[in-house]
Every structure is written in C-alpha cells, then in structure tokens.
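Engineer: Quick one, fold the following:
(one chain, ligands or ions: 1)
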Amino acid sequence: MGIVLGPNRYGKAETRVVRVVRDGERHELRDLNVSVALSGDLDATHVSGDNAGVLPTDTQKNTVYAFAKEHGIDQPEDFGLRLARHFVATQPTVHSARVHIEQYGWHRLGPHSFQRDGAETRTATVTVDGAGEWVVAGLADLVLLNSTDSEFWGYVKDPYTTLPETKDRVLATAVSARWRFASTTVDWAASYAGVRAALVAAFVETYSYSLQQTLYTMGRRALEERPEVVEVRLALPNKHHLLVDLSPFGLDNPNEVFVAADRPYGLIEGTVRRSDAPSYDGAF
Ligand SMILES: O=c1[nH]c(=O)c2[nH]c(=O)[nH]c2[nH]1
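Structural biologist: Residues are numbered from 1 along each chain as shown. Next up is the predicted model:
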C-alpha cells in the first residue's frame with residue numbers, strides 16, 4: 001500500500017494590521033486580522049524538504065503590512081483581492097490563494113480617538129456584611145484608542161532596556177473599571193452613564209505621557225463629576241501597537257502601519273479615591 005500526500009496549504013494566519021490614515025488632525029482607522037493560505041505545487045517541501053517553491057509565511061505577513069502602506073485599506077474585499085492576486089501572479093508554485101479577513105469595527109470619539117464596537121460589559125457587585133452595605137459598579141472590555149497625543153520617554157534604562165523612546169505612538173486599552181458608591185440610594189442608570197462618559201472623556205482629552213497618567217486622569221475625572229462615587233479602581237492593559245519597519249521594502253512608515261500585538265501586554269492598575277474615603281477591599 002502506497003502513501004501519498006493529500007491536500008495541503010500553508011500561510012500566515014492572523015496578521016493583525018492597524019492602518020492609520022493621517023489627514024491632518026483627523027485620522028481614519030482600519031483594523032484587520034488577515035489570514036493567508038496558499039496551495040499549489042508544494043509536494044517537494046513536504047516530501048523531501050526542498051523549499052525552492054516556498055514563499056515563507058513571514059514574507060506573506062510582510063506583504064500584508066507593505067500593501068497596507070502602499071495601497072491603503074479601504075474595503076476588506078479589495079484588500080483581499082489585491083493580496084490573493086499578488087501571490088498567485090508572482091509565485092509559480094502557488095495556484096490558489098485564499099485570504100480571509102476579519103475587520104474590527106471602531107467608531108469615532110474625536111479627531112483621533114476611537115472606540116471598538118461591541119464587547120463592552122456593565123457589572124454590579126453588591127455586598128452586605130457586618131460593616132454595612134456596599135455597591136460597586138463597573139465596566140469591562142471598553143476598548144479605546146488614540147492614534148496620536150501619546151508619548152513615552154524619560155523612563156529608566158537598565159542593561160535589559162531596548163524599548164525606543166517615542167514622542168508619538170498609538171495608545172490603546174481595554175478599560176476595566178470598578179467604582180464604589182458612598183450610599184445605596186443612587187440613580188444607578190444616570191450614575192453609570194455619567195461615570196462611563198467621564199472615563200471616556202478623560203481618555204480622549206488627556207495628552208498622555210504614560211498609560212499610568214491616563215489612568216489617574218480617568219479616575220480623577222470620574223470622582224470630580226460624580227459625587228456619589230468615592231473610589232475608582234482601574235485596570236488598563238496596554239494594547240501595544242508596534243510600528244512596522246517597512247524600510248527593507250523601500251517604504252517609510254510615519255506612524256501609519258502598526259502590528260496590533262496581543263501578548264505580552266503591559267497591565268497598568270491603580271486606585272483613585274477621595275482622601276476622606278478609605279479603600280474597602282471587602283466591597284470589590
Ligand atoms: O504608558 C506606558 N507605561 C509603561 O509603564 C510602559 N512600559 C512600556 O514598555 N511601555 C509603557 N507605556
């Protein structure tokens with residue numbers, strides 16, 4: 001009984017590309033997850049390890065980033081067609097290219113501020129104990145992004161530091177916030193809307209030198225605008241957007257094409273509270 005190679009394909013899956021179009025103050029944002037799968041005359045690499053016909057998946061990923069810069073991203077169908085045609089037209093061994101794209105929706109909060117569609121959750125935690133009644137409201141997975149007005153520099157450099165300083169970066173986070181009330185007689189709906197609006201406004205309006213600074217301004221603004229709230233606890237993952245080096249392809253990249261890295265990520269956590277209202281861990 002003989003053994004033969006059956007159907008096969010290969011490619012780079014889930015290239016996360018974020019394209020910012022900078023039209024002066026007003027930016028546009030495209031956020032895609034691109035998966036490429038190529039097939040054709042690829043028996044040799046499987047059967048004997050001869051890679052002469054293999055376009056590396058790393059090259060496929062680079063092509064996604066380079067095309068995002070050179071041609072921009074308008075409709076995902078057009079972007080997919082451009083990529084798929086390119087692989088089939090330029091690689092003699094590739095007879096079929098399948099490009100699957102997920103586009104994440106964002107809506108505008110300001111000229112260069114955006115909120116990811118969907119995903120957001122409202123939470124409520126109630127505790128009744130010997131010390132009293134406590135209500136903590138919150139939200140999770142509120143994904144926000146500023147495509148400019150964020151710097152990060154002046155930090156410690158030790159022998160293991162490689163991070164370049166930046167005067168202009170993308171700042172993005174998935175806000176997890178929980179806030180404690182002074183009493184149990186509150187207009188919960190109005191309060192929730194007010195705290196949420198304060199958190200979002202502070203994120204959008206803060207010119208940021210660190211996510212830590214943004215965290216503090218968010219908590220502070222919620223407390224300033226909502227007297228019924230005494231303590232805000234925030235957890236802000238730094239959803240890193242890393243600038244892609246397009247110079248090997250003769251392309252510049254003035255903060256336009258980014259890798260949206262999912263892990264590892266910085267996690268910035270902090271409490272902002274009224275000085276006359278001590279934290280009460282039992283409520284959270
Ligand atoms: O806003 C930031 N805070 C940090 O502490 C940090 N660390 C890092 O690598 N990048 C960032 N960004």
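Engineer: so what's T166 closest to, chain neighbours aside?
Structural biologist: F152 (5.5 Å; C-beta to C-beta, 6 or more residues apart in numbering). For every residue, glycine as well, the C-beta is placed using N, CA and C.
Engineer: Would you mind finding the longest helix in the chain?
Structural biologist: Longest helix in the chain, counting residues (DSSP state H): helix 188-205.
Engineer: any idea how far it is from the chain center?
Structural biologist: 21 Å (C-alpha atoms, centre = their mean, to the nearest Å).
Engineer: Within range of the ligand, give me the residues from this structure.
Structural biologist: 152, 163, 210-212, 238, 266 (C-beta under 6 Å from any ligand atom).
Engineer: one more time with 8 Å, if that's ok
Structural biologist: Contact residues, the chain versus the ligand (C-beta under 8 Å from any ligand atom): 150, 152, 155, 163, 171, 208-214, 238, 240, 266, 268.
Engineer: now, which of those residues sits nearest V136?
Structural biologist: Nearest to V136, judged by C-beta to C-beta, of those is I268 at 19.9 Å.
Engineer: The closest one against L236, yeah?
Structural biologist: Yes. Counting by C-beta atoms under 8 Å, I268 does reach L236; the two are 4.6 Å apart.
Engineer: These two - which one has more neighbours?
Structural biologist: Using other C-beta atoms under 10 Å as the criterion, I268 and L236 rank with L236 on top: 25 against 18.
Engineer: thinking that one is in contact with T217, fair?
Structural biologist: No. If you go by C-beta under 8 Å, L236 and T217 don't touch, sitting 11.5 Å apart.
Engineer: Please list all residues in contact with the residue positioned nearest the centre of the chain.
Structural biologist: Per C-alpha atoms, centre = their mean, the C-alpha nearest to the average position across the chain is that of K239, at 4.5 Å. For K239, the contacting residues are 143, 145, 172-174, 260-262, 265, by C-beta atoms under 8 Å, 6 or more residues apart in numbering.
Engineer: next one: R273
Structural biologist: 223, 230-232, 279.
Engineer: among those residues, which two are most distant?
Structural biologist: Farthest pair in these, by C-beta to C-beta: L223 and S279, 13.3 Å.
Engineer: more crowded one of these two?
Structural biologist: Shown here are L223 and S279; by other C-beta under 10 Å, L223 has more neighbours (20 against 13).
Engineer: what's the helix or strand for that one?
Structural biologist: Using DSSP states H and E, L223 maps to helix 211-225.
Engineer: buried set for that helix?
Structural biologist: By 16 or more other C-beta atoms under 10 Å, the buried positions in helix 211-225 come out as 211, 214-219, 221-223.
Engineer: Now do that helix against helix 188-205, angle only.
Structural biologist: 140 degrees (axes from the mean of the first three to the mean of the last three C-alpha atoms, to 10 degrees).
Engineer: re earlier: the ligand versus the residue nearest to the centre of the chain, what's the distance?
Structural biologist: 11 Å (C-beta to the nearest ligand atom, to the nearest Å).
Engineer: What of T271?
Structural biologist: 17 Å.
Engineer: With T45 instead?
Structural biologist: From T45 to the ligand the distance is 38 Å (C-beta to the nearest ligand atom).
Engineer: buried sites along the one helix or strand that residue maps to?
Structural biologist: Secondary-structure element containing T45, defined by DSSP H and E: helix 43-48. Counting neighbours by 16+ other C-beta under 10 Å, one finds that the buried residues in helix 43-48 are T45.
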